[in-house]
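Student: Provide a 3D model corresponding to the input given below.
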Amino acid sequence: MKPSLLCLALLAPLAMSAASSDGQPLGSPYLYRWSFEAGGFSESEFHEGIRGGELTVSGGETGAVPVFQSTGGVGASTPGVLNASRNRYGSPNGAQVSSFGSVLRNGHTLTQFTVTMWIKPTLPADKQPYARLLNLGPDQNEQADQGILLALDNDSFSFSVNGSPSNKVEITEPVMKADEWVFLVFCYDGLAGPYWSPEIMGAMGWSEASPNSAILAGDLTRPTRLISKYPLSTGAPTYDVSPGKISVDGLLVAIGSSNTRYDRSFVGLIDDVRIYSGLLSVAELERVRLEATGK
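Tutor: Okay, the predicted model is just below:
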């Protein structure tokens with residue numbers, strides 16, 4: 001079976017729904033987006049009149065502070081970029097790119113979400129093994145019982161929701177290469193519980209319980225495809241990411257860093273970070289990927 005068809009089958013029980021749990025049609029505009037167009041040391045993004053959380057840079061060693069650039073992004077339609085290539089991974093004085101003083105406020109409770117982003121590591125993955133990509137959580141607590149934590153894990157990724165164990169996700173193929181753009185997608189379904197239906201499991205040939213989440217990837221030339229293996233994590237006590245809802249109100253956003261770990265900031269470029277309410281189909285994800293590249 002082709003990878004794209006596998007993705008469609010994986011998301012089929014979700015993508016056929018007409019609406020997500022908060023009433024928005026699937027594939028609807030993002031709740032939040034950070035495209036880093038303004039430049040400087042602060043960046044804000046608005047959607048439908050709701051503040052998406054203003055990001056500011058704080059901390060960091062001299063000569064190693066991230067900046068928002070109006071050029072250098074992944075494509076013509078997203079020319080801006082968060083340039084964190086000068087970060088010093090492992091430094092206790094690492095920089096943070098976060099929304100301190102500008103928390104998310106929109107009344108949404110996410111029971112299903114899709115996060116998309118482009119990243120271009122400056123260092124190989126094994127040189128920044130636990131670098132944070134996205135953290136939504138309360139002040140100074142990246143592993144709280146409400147929030148999201150997405151991170152590198154050597155050649156793979158860690159995916160945690162609502163304080164669940166952040167175990168390594170096994171993937172089908174390496175996608176992280178130094179100085180190359182990669183399109184990452186993290187999908188989560190808090191409605192489905194920890195397992196897919198027996199019918200879906202049987203159709204995919206899965207012999208073990210399968211999780212309520214998926215990781216997909218693409219790049220400038222290759223399409224979006226499923227890369228997470230099943231079970232999701234070989235060392236986890238369960239195979240799910242922690243089913244449940246996420247109350248967005250009052251959460252802080254950190255991109256390329258966390259709310260509390262100063263020594264695990266991402267080293268590289270990050271562009272066009274989006275958070276959607278609901279689960280996007282593979283076709284919709286392809287449109288997001290191609291939109292950024294200008295194709």
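Student: The residue lying closest to Gly163 once chain neighbours are set aside: neighbouring residues, count only.
Tutor: Spatially, and ignoring its direct neighbours in sequence, Gly163 is nearest to Asp145 (4.5 Å; CB to CB, 6 or more residues apart in numbering). In short, each C-beta sits where N, CA and C put it, glycine included. Using other CB atoms under 10 Å, Asp145 has 13 other residues around it.
Student: what do you get for Gln69?
Tutor: For Gln69, the neighbour count with other CB under 10 Å is 19.
Student: Then the one 4 residues further on?
Tutor: Neighbouring residues of Gly73 were enumerated by other CB under 10 Å; the total is 25.
Student: same check, this time on Glu173
Tutor: 9.
Student: What of the one 10 residues further on?
Tutor: A count of neighbours around Phe183, defined by other CB under 10 Å, yields 27.
Student: Just the C-alphas of stretch 56-66, formatted as PDB.
Tutor: What follows is stretch 56-66, C-alpha atoms only, in PDB (Å, rounded to 0.1, in the frame of the first residue of the first chain):
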ATOM      1  CA  THR A  56       9.300  37.600  22.300                       C
ATOM      2  CA  VAL A  57      12.900  36.500  22.600                       C
ATOM      3  CA  SER A  58      14.500  36.400  26.000                       C
ATOM      4  CA  GLY A  59      17.700  35.100  27.500                       C
ATOM      5  CA  GLY A  60      20.500  33.600  25.400                       C
ATOM      6  CA  GLU A  61      24.200  34.000  25.400                       C
ATOM      7  CA  THR A  62      25.900  36.900  23.600                       C
ATOM      8  CA  GLY A  63      25.900  36.200  19.800                       C
ATOM      9  CA  ALA A  64      23.500  33.300  20.200                       C
ATOM     10  CA  VAL A  65      20.100  35.000  20.400                       C
ATOM     11  CA  PRO A  66      17.400  34.000  17.900                       C
END
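Student: what about Leu285, which helix or strand?
Tutor: Here Leu285 sits within helix 282-293, counting by DSSP states H and E.
Student: Show me what that helix is packed up against.
Tutor: The contact analysis (3 or more CB pairs under 8 Å, 6 or more residues apart in numbering; DSSP states H and E) places helix 282-293 against helix 3-15, strand 112-121, strand 182-189, strand 213-218, strand 268-277.
Student: Report the buried residues of that helix.
Tutor: 282, 284-286, 288-290, 292-293 (16 or more other CB atoms under 10 Å).
Student: same question, stretch 72-89
Tutor: Neighbour-count burial for stretch 72-89, counted by 16+ other CB under 10 Å, picks out 73-75, 78-85, 87-89.
Student: Quick check: closest non-adjacent residue to Ile148.
Tutor: Going by CB to CB, 6+ apart, Ile148 has Leu136 as its nearest residue, at 4.5 Å.
Student: So for whichever strand or helix holds the one you found, mean pLDDT?
Tutor: Here Leu136 sits within strand 132-137, counting by DSSP H and E. For strand 132-137, mean pLDDT rounds to 90.
Student: after that strand, next one along is what?
Tutor: That would be, after strand 132-137 and using DSSP H and E, strand 148-153.
Student: List of residues touching that following strand?
Tutor: 113, 115, 125, 128-137, 142-143, 157-161, 166, 168-169, 176, 186, 188, 246, 258, 264, 266 (CB atoms under 8 Å, 6 or more residues apart in numbering).
Student: strands paired with the next helix or strand after that strand, and their directions?
Tutor: Moving toward the C-terminus from strand 148-153, the next helix or strand (DSSP H and E) is strand 156-161. Paired neighbours of strand 156-161 in the sheet (DSSP bridges): strand 148-153 (antiparallel), strand 168-169 (antiparallel).
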